[in-house]
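**Student:** Below: sequence and its predicted model.
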Amino acid sequence: MTEIAVSVKNLTVAYNNAPVIQNLNVDIKKGSRTAIVGPNGAGKSTLIKTIMKLIKPVAGQSFIGGSEAKSALKTVAYVPQKGEVNWDFPATVFDVVLMGRYVHKGLFKRPNQTDKNIALSALDTMKMTAYKDHQISELSGGQRQRVFLARAIAHNASIYIMDEPLQGIDITTEALIIKTMKQLQSEGKTFLVVHHNLTTVPEYFNDVILLNKEIITSGPVADVWTEGNINAAYQEKGDKEWTS
Ligand SMILES: Nc1ncnc2c1ncn2[C@@H]1O[C@H](COP(=O)(O)OP(=O)(O)OP(=O)(O)O)[C@@H](O)[C@H]1O
């Protein structure tokens, strides 16, 4: 039987009493590279923030490795959208990557040499060693995204949830992120990634969730990535559809 990394059951999420996703059910397979694809406002970020328990749903549940507990999120590395992070915060690149280790230590225990070595190795993987002592405020968008991924790698999470990690980055960084994702997947890690570029879905992902406030379809790219399904997901959906 396929093992499930993340499961969402009967999930409804609303802002100011207006539902943006409604009665959503989906399973993300362990060891998959799963893309969440859909138009602007489809509820993609809302879905992953709800899985991360940053938003409380109106109804339904989300499970990590079968557990509904917040503590299960320790196994998850979350990379939010670039715009949601305060990059003026005074911290070096190395500090930020080392933060990936805190989940294993608690906030009040100092990182030891092993933690530092893991952070250095993660920086090396993302080819950011030369920027180790730079302030994060000094980095370009693509470099920031590399640092975020390095932090996720240092975390040694089993599930990586990323919100548009390829947004606004150059092809070299994109290739590096995809190579790293495929490498980590070959080690059994699971990826759930909000993705906008329709042309690269089959190359980068093996599973896809097509979302437009509800699940249009989900499953292996080879089965569900069809023109008909994509068109169905990108149809305009008026708010009226949510009023019964
Ligand atoms: N904090 C909020 N308060 C009120 N409404 C919100 C909030 N965040 C998102 N929304 C609304 O919820 C809907 C879904 O937003 P969400 O960010 O989840 O979409 P998305 O699929 O990630 O979109 P995009 O591709 O544009 O990033 C949108 O209509 C948005 O305006």
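**Tutor:** That came through, no problem.

**Student:** ok, which stretches of this structure are strands?
**Tutor:** Secondary structure of the chain (DSSP state E): strands at 4-15, 18-29, 33-37, 59-64, 76-79, 159-163, 190-194, 207-211, 215-220.

**Student:** Going by neighbour count, list what's buried in the helix or strand bottoming out on mean pLDDT in the chain.
**Tutor:** When each helix and strand of the chain is scored by mean pLDDT, DSSP states H and E, helix 102-105 comes last, with a mean of 77. For helix 102-105, the buried set under the neighbour-count rule, 16 or more other C-beta atoms under 10 Å, comprises Val103. No exception for glycine: its C-beta is placed from N, CA and C like everyone else's.

**Student:** right, so of the strands of the chain, which gets closest to Ala119?
**Tutor:** Nearest to Ala119 among the strands of the chain is strand 76-79 (13.5 Å), distances taken as C-beta to C-beta.

**Student:** who's in contact with that closest one?
**Tutor:** Taking contacts as C-beta atoms under 8 Å, 6 or more residues apart in numbering, the residues outside strand 76-79 that touch it are 48, 52, 64, 100, 145, 148-149, 151-153, 155, 157-163, 165.

**Student:** ok, that strand near the ligand or not?
**Tutor:** No: Strand 76-79 does not reach the ligand (C-beta under 6 Å from any ligand atom); its nearest approach is 14.0 Å.

**Student:** quick one: strands adjacent to that strand?
**Tutor:** Looking at strand 76-79 with DSSP bridges, its partner strands are strand 159-163 (parallel).

**Student:** returning to what we had before: in TSV, list the strands of the chain along with mean neighbour count and mean pLDDT.
**Tutor:** Converted to TSV, the strands of the chain look like this (neighbours: other C-beta atoms under 10 Å; pLDDT from 0 to 100):
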stretch	mean neighbour count	mean pLDDT
strand 4-15	18	96
strand 18-29	18	94
strand 33-37	26	98
strand 59-64	17	96
strand 76-79	22	93
strand 159-163	24	96
strand 190-194	25	97
strand 207-211	25	97
strand 215-220	18	95
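
**Student:** Would you pull up how far stretch 95-106 lies from the middle of the chain?
**Tutor:** 18 Å (C-alpha atoms, centre = their mean, to the nearest Å).

**Student:** ah, wrong one, I meant stretch 207-215
**Tutor:** 15 Å.

**Student:** That stretch near the ligand at all?
**Tutor:** No: Stretch 207-215 does not reach the ligand (C-beta under 6 Å from any ligand atom); its nearest approach is 7.0 Å.

**Student:** Around the ligand, which positions in the chain sit nearby?
**Tutor:** Tyr15, Val20, Gly38, Asn40, Gly41, Ala42, Gly43, Lys44, Ser45, Thr46.
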